[in-house]
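Trainee: Here is the input, now give the coordinates:
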Amino acid sequence: MSILITGIRELVTCDDDLERADHADGLGIVRDAALVVGSAHEDVATTIQWVGPATAAPAADWAIDLGGKAVLPGFVDSHSHIVYAGDRSAEFAARMTGQGYDGGGIATTVAATREADDDTLRTLLRARVEEMRAQGTTTVEIKSGYGLSVADEARMLRLAAEVTDEVTYLGGHVLPPGTGHDAGERSAYVDLVCGPMLLAALPHARWVDVFCEPGSPHAFDEEESRAILRAGMAAGLLPRVHGNQLGPGPGVALAVEVGAASVDHCTYLSDADVDALAGACGTTVATLLPGVEFSTRSPYPDGRRLLDAGVDVALATDCNPGTCSSSSMPLMIALAVREMGMTPAEAVRAATVGGARALRRDDVGRVRVGGRADLAVLDAPSYLHLPYRVGVPLARTLEV
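Mentor: Numbers count the residues shown, from 1 in each chain. The predicted structure follows:
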């Protein structure tokens, strides 16, 4: 089966090698474009078969006319925490009156998630994934981290694996409720994360992550974080890191040291951190999560500084119940443009190609022959409307 998609006023491909495209802003734009998508199956079109100007489009079995809309690669949200139960809106309201954030509220979600049964969590999870797709996100990474026991972490990962291939084991999110902060109890929990909990995670997870934030009494210091990452890597998982969110710290350096695919947050960076990320270009992506800064009234990361240094940058939502209850990649693009010094083109590329790189994927984040037919369509003539018409529901996944 093949489907010809026409009526594309502006096609953003993010394909650096596409001929007959405008590469001035790094987006590989084709105007008055068409696509052919298809597969060997009769009921689903999964692969891009042709890209180019509409005047040169080949014939296909079916046709769809989008009537002058813009099309982009589906957004790649490479950082989310959407397997959870409960509500923390009161915590958000408190932060808006000046209360700070140190990671302690996660315990509230852990309790609610542990109490929920599988069907409840599954229903909530699938609704959140559909909410993302309704806004143009076609690939999402999902972390555990609200179980913090062997059985509950395994359950979260198992449910996440029902809806995505990008599943991250985050037993090293925070110390579980009831755990003291003396060295013995901390060490015992790290041993659990590196041992029985890791073994339970392996059938479901691709990635291992840790909240490396020595300034928080709830999170993990450099040596604890290194132990968690190394254990996961030794078991075959790929590393990623939460780092430098609440203050300067070792997260970025640790991520580069272990060859992590991504270090996420990057709010407080030293010159040495930026240099390390620039030196790790092609290996470690700096994933920026501006929805967190919006929701916690924290300083935004300096996206301009990172891009000018040659760092690979991604944007993601960090959708979670505590510090960013937004699943909107278009909002992250608008915040990156308004608050982090990125151009609209740079923000779109970070939300597509950047996210794909953060997941070490080359089949998503671009519109190119042989890639997945993961597409977002805008009720607008240009990608520029994403930051321009902030808050307006312009983007959706193109179902073919």
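Trainee: Quick one: residues contacting the spatially most central residue of the chain.
Mentor: The chain has Ser78 as the residue nearest its centroid, 2.0 Å off, counting by C-alpha atoms, centre = their mean. Neighbouring residues of Ser78 by C-beta atoms under 8 Å, 6 or more residues apart in numbering: 139, 141, 166, 262, 287, 314, 316, 355-356, 358-359. Using the backbone N, CA and C atoms, a C-beta is placed for each residue, glycine as well.
Trainee: Output the lowest mean pLDDT helix or strand found in this structure.
Mentor: Lowest by mean pLDDT, DSSP states H and E among the helices and strands of the chain is helix 89-96, with a mean of 91.
Trainee: Touching, Ser2 and Asp61? I think so.
Mentor: Yes: judged on C-beta atoms under 8 Å, Ser2 makes contact with Asp61 at a distance of 4.9 Å.
Trainee: okay, and the common contacts of the two?
Mentor: Contact with both Ser2 and Asp61 is made by residues Gly38, according to C-beta under 8 Å, 6+ apart.
Trainee: who's more crowded, the two?
Mentor: Applying other C-beta atoms under 10 Å to Ser2 and Asp61 shows that Ser2 carries more neighbours, namely 17 against 12.
Trainee: beta partners for the more buried one?
Mentor: For Ser2, the beta-bridge partners are Gly38 (DSSP bridges).
Trainee: That one: what's it in contact with?
Mentor: So Ser2 contacts 36-38, 45, 49, 60-62 (C-beta under 8 Å, 6+ apart).
Trainee: switch the cut-off to 6 Å
Mentor: By C-beta atoms under 6 Å, 6 or more residues apart in numbering, the contact list for Ser2 reads 36, 38, 60-61.
Trainee: Export those residues as a markdown table, with columns for secondary structure, distance to Glu131 and pLDDT.
Mentor: Formatted as a markdown table, the contacts of Ser2 follow (DSSP: H, G, I helix; E, B strand; the rest coil; distance: C-beta to C-beta, whole Å; pLDDT from 0 to 100):
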| residue | secondary structure | distance to Glu131 | pLDDT |
| --- | --- | --- | --- |
| Val36 | strand | 29 | 97 |
| Gly38 | strand | 28 | 92 |
| Ala60 | coil | 31 | 95 |
| Asp61 | coil | 32 | 94 |
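Trainee: Report the buried members of those residues.
Mentor: Buried members of the contacts of Ser2, scored by 16 or more other C-beta atoms under 10 Å, are 36, 38, 60.
Trainee: The stretch 101-250 of the chain: helices as residue ranges?
Mentor: Taking DSSP state H, counting those that start in this stretch as the test, the helices found in the stretch 101-250 of the chain are 106-115, 118-133, 150-160, 183-194, 196-201, 222-234.
Trainee: just checking, Asp374 touches Gly74?
Mentor: Yes: in this structure, Asp374 is within contact of Gly74 by C-beta atoms under 6 Å, at 3.8 Å.
Trainee: which residues do those two both contact?
Mentor: Contacts common to Asp374 and Gly74, judged by C-beta under 6 Å, 6+ apart, are Thr138.
Trainee: any weak-confidence spans in this structure?
Mentor: The model of the chain has pLDDT under 70 over residues 40-45, 102-104.
Trainee: circling back: can you put the helices of the stretch 101-250 of the chain in a markdown table and add distance to Val174 and mean neighbour count?
Mentor: As requested, the helices of the stretch 101-250 of the chain are exported to a markdown table (distance: least, C-beta to C-beta, whole Å; neighbours: other C-beta atoms under 10 Å):
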| stretch | distance to Val174 | mean neighbour count |
| --- | --- | --- |
| helix 106-115 | 5 | 19 |
| helix 118-133 | 19 | 16 |
| helix 150-160 | 13 | 22 |
| helix 183-194 | 10 | 16 |
| helix 196-201 | 14 | 21 |
| helix 222-234 | 12 | 20 |
